[in-house]
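Engineer: turn this into a structure:
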Amino acid sequence: MAFDRAELEEMKRRWLEANVAAEKAGDWRPLADFYTADATYGWNYGPEKDFMAVGRDEIRELALGQEMEGLDGWNYPYRAWVVDEQTGDMIGLWQQINEATRADGSHYAVHGLGGSWFRYAGDYRFSWQRDFFDFGNVSALFLEMLTDKVCSDGMLARIERSAPGTLPGWYPRGEAPVGLWDMP
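Structural biologist: All right, here's what the predicted structure looks like:
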């Protein structure tokens with residue numbers, strides 16, 4: 001199914017505007033309104049774990065709630081987009097930058113590429129999203145921030161909460177209810 005380029009550009013504009021509002025509020029859950037009721041949203045986290053939220057409610061509560069909790073003070077500026085009108089695929093490349101600064105004045109930021117691959121479904125909603133990021137660089141940055149004692153209380157609570165690896169939405173590799181490559 002082909003999509004009008006102007007509609008995809010408007011979707012991108014709306015998404016970016018809502019992301020900025022979510023960052024300012026420290027609450028990403030309102031972004032769930034941009035997904036279809038049966039959408040899936042997932043990512044891989046290293047060789048052992050996958051995350052998958054199935055349906056708008058799980059996306060709101062798990063991907064945008066539980067997984068973003070404690071990440072206030074972070075922003076994710078999108079730097080580039082690739083949009084395919086024929087498939088509705090939209091890939092947004094973003095950075096992950098914390099408000100804290102090092103002694104040299106540079107912000108703590110993930111070195112490497114981060115991105116989200118969306119499948120547009122029409123009516124200004126996504127039916128599918130998969131995030132990708134450099135697991136090694138994310139881990140190294142979080143360790144650096146812990147060592148430098150610049151993590152917010154919310155981020156420390158997030159790290160402590162997620163350490164056991166038993167949070168809802170997390171699955172051993174290959175055992176999620178929807179596969180990373182399963183597309184609508």
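Engineer: could you look up the SS state of the residue positioned nearest the centre of the chain?
Structural biologist: The centroid of the chain falls nearest to residue 131 when counting by Cα atoms, centre = their mean (5.7 Å). Secondary structure for residue 131, judged by DSSP: H, G, I helix; E, B strand; the rest coil, is strand.
Engineer: return the residues in contact with it.
Structural biologist: By Cβ atoms under 8 Å, 6 or more residues apart in numbering, the contact list for residue 131 reads 41-43, 114-117. Just so you know, the C-beta spots here come from the backbone N, C-alpha and C atoms, and that holds for glycine as well.
Engineer: return the member of the residues you listed nearest to residue 58.
Structural biologist: Residue 58 has its nearest neighbour among the contacts of residue 131 in residue 41, at 8.1 Å by Cβ to Cβ.
Engineer: which residues does that closest one contact?
Structural biologist: Here residue 41 is in contact with 35, 52-53, 59, 63, 128-131 (Cβ under 8 Å, 6+ apart).
Engineer: most neighbours, which of these?
Structural biologist: When neighbours are counted by other Cβ atoms under 10 Å, residue 53 leads the contacts of residue 41 with 29 neighbours.
Engineer: what's the pLDDT at it?
Structural biologist: Note for residue 53: predicted pLDDT of 98.
Engineer: surely it touches residue 38?
Structural biologist: No - using Cβ atoms under 8 Å, residue 53 is not in contact with residue 38; the gap is 11.5 Å.
Engineer: longest helix in the protein, by residue count?
Structural biologist: Assignment by DSSP state H gives helix 5-25 as the longest helix of the chain.
Engineer: what's it in contact with?
Structural biologist: With contacts defined as Cβ under 8 Å, 6+ apart, helix 5-25 is touched by 28, 30-31, 34, 74-76, 78, 81, 83, 85, 88, 90, 92, 120, 122, 124.
Engineer: ok, of those residues, which come out buried?
Structural biologist: Among these, those classed as buried by 16 or more other Cβ atoms under 10 Å are 28, 31, 34, 74-76, 78, 81, 83, 88, 90, 92, 120.
Engineer: name the nearest residue to residue 150, ignoring sequence neighbours.
Structural biologist: Using Cβ to Cβ, 6 or more residues apart in numbering and skipping residues adjacent in sequence, the residue nearest residue 150 is residue 100, 4.3 Å away.
Engineer: which element is residue 144 on?
Structural biologist: helix 135-147 (DSSP states H and E).
Engineer: now find how far off-centre that helix is within its chain.
Structural biologist: Relative to its chain's centre, helix 135-147 lies at 17 Å (Cα atoms, centre = their mean, to the nearest Å).
Engineer: could I get the buried residue list for it?
Structural biologist: For helix 135-147, burial by neighbour count (16+ other Cβ under 10 Å) applies to 137-138, 141-142, 145.
Engineer: so what does that helix touch, helix or strand wise?
Structural biologist: Using 3 or more Cβ pairs under 8 Å, 6 or more residues apart in numbering; DSSP states H and E, the elements in contact with helix 135-147 are strand 107-109, helix 153-162.
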